[in-house]
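S.K.: dropping a prediction and its sequence here:
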Amino acid sequence: MQEEQIPIGKLTNTAGDGTNRTLFTSAAPSPAMSSRRRKPDWLKSQPPTGQRFADIKQTLRDRDLHTVCEEANCPNMGECWSGRSEGPQNGEAADAAEPGHDGTGPGTATFMLMGERCSRGCNFCDVATGGMEPLDPDEPENVAEAVGEIGLDYVVLTSVDRDDLADGGAAHFAETIRECKQRNPGTLVEVLIPDFGGDEDAVRRIIDAEPDVIAHNVETVERLQWPVRDRRADYEQTLDVLEQVDRESDIYTKTSLMLGLGEYDHEIYRTISDLRQVGVDVVTFGQYLQPSRSHLDVFEYVHPDAFETWRRVAEEELGFLYCASGPMVRSSYKAGELFVDALVRDGKSPERAREEARVAAGD
């Protein structure tokens with residue numbers, strides 16, 4: 001049985017009929033694993049199609065490579081792989097792929113390193129747990145070659161957790177970064193890393209490989225770390241990883257939160273305040289979507305107005321350089337790519353880069 005939802009927090013918005021609507025109504029103490037709710041219209045998207053999408057998929061299969069885009073059935077896959085569109089789309093609809101969409105730019109993709117199976121079992125994630133295989137020594141070179149063959153101007157590298165390896169796979173991850181940058185000097189490289197069990201030397205290996213952005217996701221508020229994340233993941237450990245990157249380098253840092261898991265407004269605010277205090281530059285908010293009935297239930301489908309409110313809080317009040325926030329936004333999201341591209345490659349100011357990213361993404 002669902003617990004009663006009690007409106008909480010101070011974030012309200014006036015609806016079209018003049019009534020006040022509470023943007024967050026999460027009151028459950030923790031998420032549950034139960035039946036799915038019907039998705040609202042703003043979460044509906046079209047499956048990815050088009051020749052470029054098919055070509056990229058074939059390149060990945062030829063090289064036995066994996067992407068988070070596919071593993072997680074990301075709703076933005078077609079849009080990201082197809083590249084930049086010729087013009088802005090509707091702000092909400094732009095988050096979803098359009099059938100037959102063929103962009104004018106090279107686009108981006110997120111490669112998942114170190115296999116298809118993870119050593120951890122997070123209850124929001126659809127990646128299989130256990131049974132990890134030895135690392136493929138050719139993977140760094142294969143990924144770098146695929147980036148060049150596809151023609152990506154921005155690539156995101158992430159990985160499964162590999163707690164079975166002495167360094168958590170940090171050396172392998174770092175080698176892939178170096179291969180990508182050496183073989184594709186015009187491509188920006190963002191990495192979404194695990195916590196490596198809090199091993200500072202492992203994190204330092206990633207820093208020393210000099211990617212353009214280092215991301216590590218906090219995923220949710222502190223109270224919900226378990227059952228959302230594996231018990232080996234920890235709120236303070238995530239903050240420590242992000243703080244180390246900020247302390248030891250000038251590399252941009254990034255993190256992501258899912259909404260709709262039963263979090264309170266004040267918990268979200270505290271989380272992003274903590275993130276800003278450890279130097280995080282970019283934050284994204286997206287709606288949690290249940291991968292299967294065996295995963296955590298969606299406690300609430302958060303209205304797009306609430307995401308816009310959190311975007312304003314993050315950028316205007318707390319001073320994040322950029323915040324991508326919307327129901328269909330994911331950690332590796334096209335609008336965030338456009339912002340970093342304008343900031344790093346073009347040398348634009350954060351304000352100008354933010355403006356251009358929003359226009360290009362149709363926000």
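M.R.: On my side now, so go ahead. Numbers count the residues shown, from 1 in each chain.

S.K.: which residues touch the closest residue to residue 194 other than its chain neighbours?
M.R.: Closest residue to residue 194 apart from its sequence neighbours, by C-beta to C-beta, 6 or more residues apart in numbering: residue 161 at 4.7 Å. For every residue, glycine as well, the C-beta is placed using N, CA and C. Going by C-beta atoms under 8 Å, 6 or more residues apart in numbering, residue 161 touches 118-120, 168, 194, 230.

S.K.: neighbour-wise, which one of the residues you listed leads?
M.R.: residue 194 (27 neighbours; other C-beta atoms under 10 Å).

S.K.: my read: that residue touches residue 165, true?
M.R.: No - look at residue 194 against residue 165 with C-beta atoms under 8 Å: they stay out of range, at 10.8 Å.

S.K.: just the pLDDT for residue 75.
M.R.: pLDDT recorded at residue 75 is 55.

S.K.: pLDDT weak spots in the stretch 201-350 of the chain?
M.R.: 331-335 (pLDDT under 70).

S.K.: tell me where it has strands.
M.R.: Under the criterion DSSP state E, counting those that start in this stretch, the stretch 201-350 of the chain contains strands at 213-215, 252-259, 282-287, 322-325.

S.K.: what would these look like in TSV with mean neighbour count and distance to residue 134?
M.R.: As requested, the strands of the stretch 201-350 of the chain are exported to TSV (neighbours: other C-beta atoms under 10 Å; distance: least, C-beta to C-beta, whole Å):
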stretch	mean neighbour count	distance to residue 134
strand 213-215	26	26
strand 252-259	25	30
strand 282-287	25	33
strand 322-325	26	36
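
S.K.: out of those, nearest to residue 302?
M.R.: The minimum distance between residue 302 and these falls on strand 252-259, with 4.7 Å, by C-beta to C-beta.

S.K.: C-alpha coordinates for the closest one, PDB please?
M.R.: The C-alpha trace of strand 252-259 is given here as PDB (Å, rounded to 0.1, in the frame of the first residue of the first chain):
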ATOM      1  CA  TYR A 252      35.600  20.600 -14.100                       C
ATOM      2  CA  THR A 253      33.600  18.500 -11.700                       C
ATOM      3  CA  LYS A 254      30.000  17.200 -12.200                       C
ATOM      4  CA  THR A 255      27.400  15.200 -10.400                       C
ATOM      5  CA  SER A 256      23.800  14.000 -10.800                       C
ATOM      6  CA  LEU A 257      20.700  13.500  -8.700                       C
ATOM      7  CA  MET A 258      17.600  11.500  -9.500                       C
ATOM      8  CA  LEU A 259      14.300  12.900  -8.200                       C
END
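
S.K.: what's the angle from it to strand 282-287?
M.R.: 20 degrees (axes from the mean of the first three to the mean of the last three C-alpha atoms, to 10 degrees).

S.K.: now do strand 252-259: which elements does it pack against?
M.R.: Helices and strands touching strand 252-259, by 3 or more C-beta pairs under 8 Å, 6 or more residues apart in numbering; DSSP states H and E, are strand 213-215, helix 235-248, helix 265-277, strand 282-287, helix 304-312.

S.K.: and the third one, what other elements does it pack with?
M.R.: If you count contacts as 3+ C-beta pairs under 8 Å, 6+ apart, helix 265-277 packs onto helix 235-248, strand 252-259.

S.K.: can you give me the buried ones in the longest one?
M.R.: For helix 235-248, the neighbour count (16 or more other C-beta atoms under 10 Å) marks 235, 237-246 as buried.

S.K.: can you list contacts of that helix?
M.R.: 193, 195-196, 198, 200, 203-204, 207, 214, 216-218, 222, 225, 251, 253, 255, 274-275, 278-280.

S.K.: OK, contacts around residue 257?
M.R.: With C-beta under 8 Å, 6+ apart, residue 257 has these contacts: 217-221, 268, 271-272, 283-286.

S.K.: if you set the cut-off to 6 Å instead, what comes out?
M.R.: residue 285 (C-beta atoms under 6 Å, 6 or more residues apart in numbering).

S.K.: any idea how far it is from residue 268?
M.R.: 7 Å (C-beta to C-beta, to the nearest Å).

S.K.: rewinding a little: can you put the buried residues of helix 235-248 in CSV and add distance to residue 128?
M.R.: Converted to CSV, these look like this (distance: C-beta to C-beta, whole Å):
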residue, distance to residue 128
235, 25
237, 24
238, 23
239, 28
240, 28
241, 24
242, 27
243, 31
244, 30
245, 29
246, 33
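
S.K.: for the residues you listed, which one is nearest residue 311?
M.R.: Nearest member of those to residue 311, counting by C-beta to C-beta, is residue 242, at 19.8 Å.
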